[in-house]
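# build me a model from this:
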Amino acid sequence: MLPNVLDNASRQALPLKLCIVENGDAIGACAKHCVDPDLLLTSEHHQATAKNEAVSAIKKLGGGLISFWDDDDEYAAGFLGELLSQKSRATVVGKRRHLVRLSDGLYLFDRENANRESTWLHGPTCMVQADDCIEFPKIAPNDDGEWCKAMREAGASFWATSIWNYTYNRTGQNHVWAASDLMVRVALGSAWKLEDDRGTFVQAPTDDEVLDALADGTI
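Numbering: from 1, shown residues only. This next block holds a predicted model:
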């Protein structure tokens, strides 16, 4: 998914320095694509280790603001600029899971919790000063959630920015959170399904729908 990372980075309206951590099957990807990032690291497969090694290396180079990105999500041109404009509000700024691309289309979740204080943020949207960033716990699949909890316990505050500029893309494979579309909707709740310049409100799946999916093996 390296080309997607480069596309997301190149479209940003703000300048950035790109640190790529190759791990697992992605080791060698930069050489394959003739990519020369500002900082290139390799790590063992676990994503928490990859993030921790990146933070450690950036601290050694003098620190600064870090923004964590996933390789398969969609970051609009205004993503970094929006986070930077809100950074004075909290230790960590970023997005909750609002715009989510599932296999049958684009959904808008949880819009009432945008532009306000929060107790957590979606990991691949977080912006934080390197010196304020504690280690990510080496667990799966919720290392980001546990990191937010540990940051709160250490005194950090969180600010959720708008619903815009980021889409959580669930259409690929090999997600750390290996959940079906149905289980994503169960976890995230009711939503607006966005189609043809209009939105249709859809309730979270019922217990009966989940049981039916379990019975027919589609969950």
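# return the distance of stretch 202-212 from the chain's centre.
26 Å (Cα atoms, centre = their mean, to the nearest Å).
# and it, what's buried?
Neighbour-count burial for stretch 202-212 flags P205, V210 (criterion: 16 or more other Cβ atoms under 10 Å). Where you see a C-beta, it was placed from the backbone N, CA and C, and this is true even at glycine.
# what's the answer for stretch 73-91, then?
73-76, 78-80, 82-83, 86-87, 89-91.
# in strands, which of the residues you listed fall?
Using DSSP state E, the subset of these located in strands is E74, Y75.
# need the buried residues of stretch 73-91 in CSV (columns: distance to V35 and pLDDT).
Below are those laid out as CSV (distance: Cβ to Cβ, whole Å; pLDDT from 0 to 100):
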residue, distance to V35, pLDDT
D73, 19, 96
E74, 19, 97
Y75, 17, 98
A76, 22, 98
G78, 24, 98
F79, 20, 98
L80, 19, 98
E82, 26, 98
L83, 24, 98
Q86, 30, 98
K87, 28, 98
R89, 34, 98
A90, 33, 98
T91, 32, 98
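# list just the nearest of the buried residues of stretch 73-91 to G172.
D73 (9.5 Å; Cβ to Cβ).
# hmm, who's touching the helix or strand containing M151?
Assessed by DSSP states H and E, M151 sits inside helix 143-153. Residues from elsewhere that reach helix 143-153 (Cβ atoms under 8 Å, 6 or more residues apart in numbering): 47-48, 91-92, 119-124, 126, 134, 136-137, 139, 158.
# show me which of the buried residues of stretch 73-91 is closest to L194.
E74 (13.8 Å).
# which of the contacts of helix 143-153 are buried, as a PyMOL select command?
To isolate the buried ones among these in PyMOL, judged by 16+ other Cβ under 10 Å, type:
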select buried, resi 47+48+91+92+120+121+122+123+124+126+136+137+158
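# circling back: and the two most separated of the buried residues of stretch 73-91?
Farthest pair in these, by Cβ to Cβ: E74 and T91, 25.6 Å.
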